[in-house]
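[1] Just to be clear, the model below is a prediction. Sequence and coordinates:
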Amino acid sequence: MRASTPFACPGRCARRGAAGQSTGIEGEQLGAGPGVLTHRRAAYFQDASDASPSLALGQAKLLERPSVDTRRSAGGHKCERRVTTERQQQTPYLEALCEYAERQPARLHVPGHKGGPGADPGMLRAFGERAVSLDIPALTHGIDVGVDPTPFEQAQRLAAEAWGAKRAWFLINGASQGNLAAGLALAHYGSEVVIQRNAHSSAIDALVLSGLRPTFAAPEVDPELGIAHCLTAQSLERALEATPSAVAAWVISPTYFGAVADVAALAAVAHARGVPLVVDEAWGAHMAFHEELPDHALSLGADLVISSTHKIVGSLTQSAMLHLGHGADGPGGAGLIGEDTVDRAVTLTESTSPNSLLCGSLDAARRQAAVHGRELLGKTMAALAKAREQIRGIEGLDVLDDRLAGRPGVFAYDPLRLAVDVRGVAASGYELAPMLREIDDINLELYGQNVLVAVFGLGERGLPEAARLVAALRTAVARVGLDPVGAGASFAAAPPWGELVMTPREAYLGAQEVVPAAQAAGRIAAESLATYPPGIPNVLPGERLTAETLAYVQNTLELGGSVRGASDRLLHTVRVVVEK
């Protein structure tokens with residue numbers, strides 16, 4: 001049954017008819033807000049062959065490149081991109097979804113809920129009628145097919161402009177999809193790759209899918225804290241020297257704990273050897289939007305950047321972006337990673353039924369970051385600085401902060417993670433995390449034996465959660481008491497990894513058997529064992545299992561953690577290769 005009132009996205013109808021300057025999209029006027037939408041629908045639903053000259057001109061104005069180089073120069077990347085703010089106020093894909101839902105079309109296509117009338121009432125109540133009405137499939141005329149460039153193409157180009165990329169892809173399977181696509185793209189150029197060991201488990205999955213043989217480069221391990229930081233340029237140089245056939249260098253920055261690598265130096269090392277630098281920047285999508293944050297990877301010469309937009313910038317969970325950098329040139333002046341090669345890899349790893357809500361949220365989050373990110377991030381950083389000071393004032397607790405910068409593997413520190421060192425109290429992080437939930441419903445991103453990690457977003461609601469966390473920590477510490485001996489202890493570091501006997505793909509697809517975990521030491525793993533969070537592999541397919549690593553994973557499970565990749569999540573058994 002049709003609704004009696006037309007659908008509209010928040011903030012749109014109130015601006016209809018407003019006067020102002022043209023933004024370059026047909027029929028849209030710029031007033032006090034992002035704009036009005038008076039005539040665009042008719043233009044969108046023309047066939048490309050019927051496009052008018054004024055339509056073509058308007059789209060060209062939207063998509064023209066900025067008059068300044070979006071890569072970092074001596075003047076600084078972040079300020080130069082502000083010339084595009086007027087364009088960045090627009091959300092062409094999200095607005096096209098709204099227009100489709102507003103006109104109440106005959107939906108003779110999937111999904112079966114038909115924008116709401118066929119949905120379960122409980123789902124409508126939980127998700128809201130507006131959200132369900134915007135669940136529109138791919139290949140819908142005027143949204144992602146039709147007049148070229150479509151609203152979907154426009155949205156991706158605006159994202160590329162906002163982050164200073166040559167091209168950006170919207171991902172609907174998270175940053176994990178970005179890692180998978182990166183691995184498949186690199187496999188076009190050869191069979192070996194240098195990759196940072198503390199890579200996310202999805203990067204290891206990419207090795208399985210692509211068949212690439214890894215040479216692992218060890219990150220710096222903090223001698224005091226016992227946690228892994230980033231890869232140094234010297235370590236990357238040694239790994240590339242040992243792997244002359246490597247097709248790329250694949251690194252992580254920032255880490256889960258906020259350490260940021262010297263990406264410019266890493267890029268220089270990789271480019272000197274004629275290979276691209278791939279950066280898993282899943283935790284750093286926000287760093288492009290405030291001058292007090294560490295410089296982001298694209299601005300420092302990275303060639304391909306995986307960006308988990310939902311983590312801090314604030315798109316919906318499972319949405320992310322993949323950015324192609326301007327980077328160094330390869331043979332014939334082409335980039336070190338081909339745009340078409342990446343595009344094919346993205347297509348191979350995505351669903352043929354991409355969720356429009358995820359893509360629409362990427363369009364909206366990009367606008368908020370580009371237009372309001374500096375202001376929002378400034379407020380968040382100020383509130384977090386106050387929270388860190390208060391936590392350091394609680395006896396038995398400390399925080400990880402920019403004091404880490406300058407240590408091996410820490411070029412800079414990202415303050416959007418609030419990591420609390422709990423070694424000085426008489427309880428582990430595994431014990432404190434459920435206690436904080438009980439005290440004031442505090443739900444953390446990560447907790448381990450010696451650390452708690454709280455993540456804060458770009459647009460927090462005045463950060464009341466920071467004050468709640470501080471108060472709950474005070475209560476918890478008063479309840480459990482102090483452990484002066486523990487204050488001198490270090491974070492539990494994972495044991496060294498085993499020998500790589502065969503490629504991850506060979507082990508994953510080879511003959512296998514399941515053996516008791518107590519009998520697995522010395523065997524070749526056929527599956528990953530990654531204690532989660534943060535999902536960093538302790539064991540990879542193709543590596544020989546060691547008793548120390550098996551004990552470490554078992555201990556993590558006993559303390560309340562989980563393990564990703566294992567066929568037996570309780571690790572009573574392990575899947576191993578049948579050796580001839």
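    Happy to help now that I have it. Numbers count the residues shown, from 1 in each chain.

[2] separation between Ala521 and Gly510?
    19 Å (Cβ to Cβ, to the nearest Å). The C-beta positions use only the backbone N, C-alpha and C, and glycine is treated the same way.

[3] so who does the nearest residue to Arg197 once chain neighbours are set aside touch?
    Among residues not flanking Arg197 along the chain, Phe216 sits closest, at 4.4 Å (Cβ to Cβ, 6 or more residues apart in numbering). Going by Cβ atoms under 8 Å, 6 or more residues apart in numbering, Phe216 touches Val194, Ile195, Gln196, Arg197, Ala239, Trp497, Leu500.

[4] For the most centrally placed residue in the chain, give me the pLDDT.
    The centre of the chain sits closest to Ser308, judged by Cα atoms, centre = their mean, with a distance of 1.4 Å. Listed pLDDT for Ser308 reads 97.

[5] thinking again about what came up before, where does the residue nearest to Arg197 land in three-state SS?
    Here Phe216 is recorded as strand under DSSP: H, G, I helix; E, B strand; the rest coil.

[6] That one pairs with what?
    Ile195 (DSSP bridges).

[7] Repeat that for Val574.
    With DSSP bridges as the rule, Val574 is bridged to Val515.

[8] Next up, the contacts around it.
    Here Val574 is in contact with 514-517, 520, 523, 525, 527, 529, 545, 550, 566, 568 (Cβ under 8 Å, 6+ apart).

[9] Over to Ala520?
    Leu545, Leu550, Val574, Val576.

[10] next one: phi and psi at it?
    Phi and psi for Ala520, reported as degrees, to the nearest 10, are phi -90, psi -20.

[11] now swap in the one 4 residues further on and tell me
    Ile524 adopts backbone torsions of phi -90, psi 120, taken as degrees, to the nearest 10.

[12] Quick check: it vs Val410, distance?
    Applying Cβ to Cβ to Ile524 and Val410 gives a distance of 34 Å.

[13] Show me where the stretch 451-580 of the chain has its helices.
    464-480, 504-509, 547-558 (DSSP state H, counting those that start in this stretch).

[14] Test my guess that Gly118 contacts Arg107.
    No. Assessed by Cβ atoms under 8 Å, Gly118 is found out of contact with Arg107, at 9.2 Å.

[15] These two: which has the busier surroundings?
    Ranked by neighbour count (other Cβ atoms under 10 Å), Gly118 and Arg107 place Arg107 first, with 20 against 11.

[16] now for the helices of the stretch 451-580 of the chain, which one comes closest to Gln177?
    For Gln177, the closest of those is helix 504-509, at 18.1 Å, according to Cβ to Cβ.

[17] can you tell me the average pLDDT over the closest one?
    Rounded mean pLDDT across helix 504-509 is 95.

[18] roughly how far is that helix from the heart of the chain?
    How far helix 504-509 lies from its chain's middle: 26 Å, per Cα atoms, centre = their mean, to the nearest Å.

[19] Give me the contacts around that helix.
    204, 207-212, 214, 501, 524-527, 540-542, 577.

[20] if you set the cut-off to 10 Å instead, what comes out?
    204-214, 500-503, 524-528, 537, 540-543, 575-577 (Cβ atoms under 10 Å, 6 or more residues apart in numbering).

[21] now the strands for the stretch 201-350 of the chain?
    213-217, 246-252, 259-260, 277-280, 304-307, 320-324 (DSSP state E, counting those that start in this stretch).

[22] Quick check: which of those is nearest to His188?
    That would be strand 246-252 among the strands of the stretch 201-350 of the chain, by Cβ to Cβ, at 8.4 Å.

[23] What would stretch 346-364 look like as PDB? C-alpha coordinates only.
    Extracted C-alpha coordinates of stretch 346-364, given in PDB (Å, rounded to 0.1, in the frame of the first residue of the first chain):
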ATOM      1  CA  VAL A 346      37.200  -5.100  -7.100                       C
ATOM      2  CA  THR A 347      34.500  -6.500  -9.300                       C
ATOM      3  CA  LEU A 348      35.600 -10.100  -8.700                       C
ATOM      4  CA  THR A 349      35.400  -9.600  -4.900                       C
ATOM      5  CA  GLU A 350      32.100  -7.800  -4.600                       C
ATOM      6  CA  SER A 351      28.500  -9.000  -4.500                       C
ATOM      7  CA  THR A 352      26.400  -8.700  -7.600                       C
ATOM      8  CA  SER A 353      23.800  -7.300  -5.300                       C
ATOM      9  CA  PRO A 354      25.600  -4.400  -3.600                       C
ATOM     10  CA  ASN A 355      23.600  -2.800  -0.800                       C
ATOM     11  CA  SER A 356      22.500   0.700  -1.700                       C
ATOM     12  CA  LEU A 357      22.400   1.800   2.000                       C
ATOM     13  CA  LEU A 358      26.100   1.000   2.400                       C
ATOM     14  CA  CYS A 359      27.000   2.900  -0.700                       C
ATOM     15  CA  GLY A 360      24.700   5.800   0.200                       C
ATOM     16  CA  SER A 361      26.400   6.000   3.600                       C
ATOM     17  CA  LEU A 362      29.800   6.200   2.000                       C
ATOM     18  CA  ASP A 363      28.600   9.200  -0.100                       C
ATOM     19  CA  ALA A 364      27.200  10.900   3.000                       C
END
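
[24] Buried ones in that stretch, by neighbour count?
    346, 349-350, 354-364 (16 or more other Cβ atoms under 10 Å).

[25] and the gap between Val110 and Gly360?
    Taken as Cβ to Cβ, the span from Val110 to Gly360 is 17 Å.

[26] Check Ala297 too.
    In terms of Cβ to Cβ, Ala297 sits 26 Å off from Gly360.

[27] what does Ala228 give?
    Distance of Ala228 to Gly360, given as Cβ to Cβ: 36 Å.

[28] Ok, Thr255 next?
    Thr255 is 30 Å from Gly360, where distance means Cβ to Cβ.

[29] Determine which two of the contacts of Ala520 are furthest apart.
    Leu550 and Val576 (11.4 Å).

[30] Need the residues touching each of the two.
    Taking Cβ under 10 Å, 6+ apart as the contact rule, Leu550 and Val576 both touch Ala520, Ala525.

[31] got JSON lines for the contacts of Ala520, with distance to Gln234 too?
    Formatted as JSON lines, the contacts of Ala520 follow (distance: Cβ to Cβ, whole Å):
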{"residue": "Leu545", "distance to Gln234": "30"}
{"residue": "Leu550", "distance to Gln234": "32"}
{"residue": "Val574", "distance to Gln234": "35"}
{"residue": "Val576", "distance to Gln234": "35"}
